[in-house]
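In: Got a sequence here, can you build the structure:
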Amino acid sequence: MVEVAVRPRGPYSLGLSTRLAGDATRRVHEGLVTARCGGGVARAWQSPDGTVTIRSESEEAAEKLRWVLALDDDHSEFLERFANDALLGRSLKHFRGLRPVRTATVVQALLRAVCGQLIDSKTARSHERRVIRALAPRDENGCCEPPTTEALGALAPFELRRLGLHERRGAALVRLCRSFELERFHDLPTAAVVRRIERERGLGPWSAGVVCLEGLGRFEHGFVGDLGLIKLMRALTGRREVETWETAELLEPYGEWAGLASVYLLRGFSRGLIPLPAARAA
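Out: Now for the predicted structure:
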């Protein structure tokens with residue numbers, strides 16, 4: 001067994017960050033994160049002094065969980081720069097230790113994006129679990145090995161349709177997996193990753209945002225077109241019709257932090273922390 005104690009860089013709350021992070025590859029229960037990653041099982045918990053302890057079967061699994069939990073990605077600059085932002089200010093104070101948790105493989109983030117298009121998050125996660133469990137058995141902790149590009153590319157689109165995915169988007173997922181090893185996205189600039197994903201029929205800027213933020217751990221590309229951000233824009237403008245490009249404009253002022261801003265805007269909006277015109281807020 002390997003055990004490491006990590007002092008996260010900058011403000012960090014494991015509880016806030018992993019509140020909705022359970023999936024087919026990991027479990028979160030009473031402050032303990034149990035995950036299959038890096039070819040093994042790793043567990044993490046946070047002490048009252050802020051230290052996060054990771055205990056795992058191997059150094060590789062420990063390092064992978066450390067990355068998945070974003071322990072070394074200090075977002076203090078984001079918190080300081082936008083502390084007085086009209087939309088984000090209250091959310092930053094309330095959730096200052098929040099960092100988005102990542103997937104252990106890039107292809108799982110792409111699968112999540114494909115599953116999450118135009119349906120509610122609960123149904124999307126159900127589809128994601130079903131696909132991953134079709135690829136790998138659950139261990140004694142109830143966790144599956146994270147999917148690989150090769151494993152997902154070996155599926156036929158009709159198999160994904162049987163598992164709940166829309167046929168056209170499932171075909172786009174398989175096509176991309178068969179043409180490109182998605183882990184290589186780590187070696188490409190974010191702009192190139194976004195362009196490559198958006199070239200695929202059935203994928204778009206929102207899918208690119210999920211891959212960049214959750215699959216690659218990059219904060220600069222936001223959830224453009226996210227249904228939650230569209231609802232926020234409706235509340236801010238009082239208009240029923242909001243276009244995808246308007247959510248891009250909403251995120252533009254946050255520059256290289258647009259992806260993280262997406263997360264805080266969505267969390268803040270769900271908790272009533274985004275200031276809205278009184279009549280529209282009602």
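
In: Identify the residue spatially nearest to the residue nearest the centre of the chain, adjacent ones excluded.
Out: The residue lying closest to the centre of the chain (CA atoms, centre = their mean) is Glu214, at 3.5 Å. Excluding its sequence neighbours, the residue lying closest to Glu214 (CB to CB, 6 or more residues apart in numbering) is Ala109, at 4.4 Å. C-betas here are computed from N, CA, C, even on glycine.

In: okay, now that neighbour: neighbour count?
Out: 24 (other CB atoms under 10 Å).

In: now do Phe158
Out: 11.

In: Tell me who's in contact with the closest residue to Gln117 other than its chain neighbours.
Out: Ranked by CB to CB, 6+ apart and with sequence neighbours excluded, the top spatial neighbour of Gln117 is Arg169, at 6.1 Å. Residues in contact with Arg169 (CB atoms under 8 Å, 6 or more residues apart in numbering) are Val114, Gln117, Gly202, Leu203.

In: Now Arg169: which helix or strand?
Out: Here Arg169 sits within helix 167-179, counting by DSSP states H and E.

In: ok, and for that helix, which residues are buried?
Out: Arg169, Gly170, Ala171, Ala172, Leu173, Val174, Arg175, Leu176, Cys177 (16 or more other CB atoms under 10 Å).

In: for that helix, what is the average pLDDT?
Out: For helix 167-179, the mean pLDDT works out to 90.

In: Could you tell me how far whatever helix or strand comes next after that helix lies from the centre of the chain?
Out: Sequence order places helix 190-198 as the next helix or strand after helix 167-179, per DSSP H and E. Helix 190-198 has its C-alpha centroid displaced from the chain centroid by 17 Å (CA atoms, centre = their mean, to the nearest Å).
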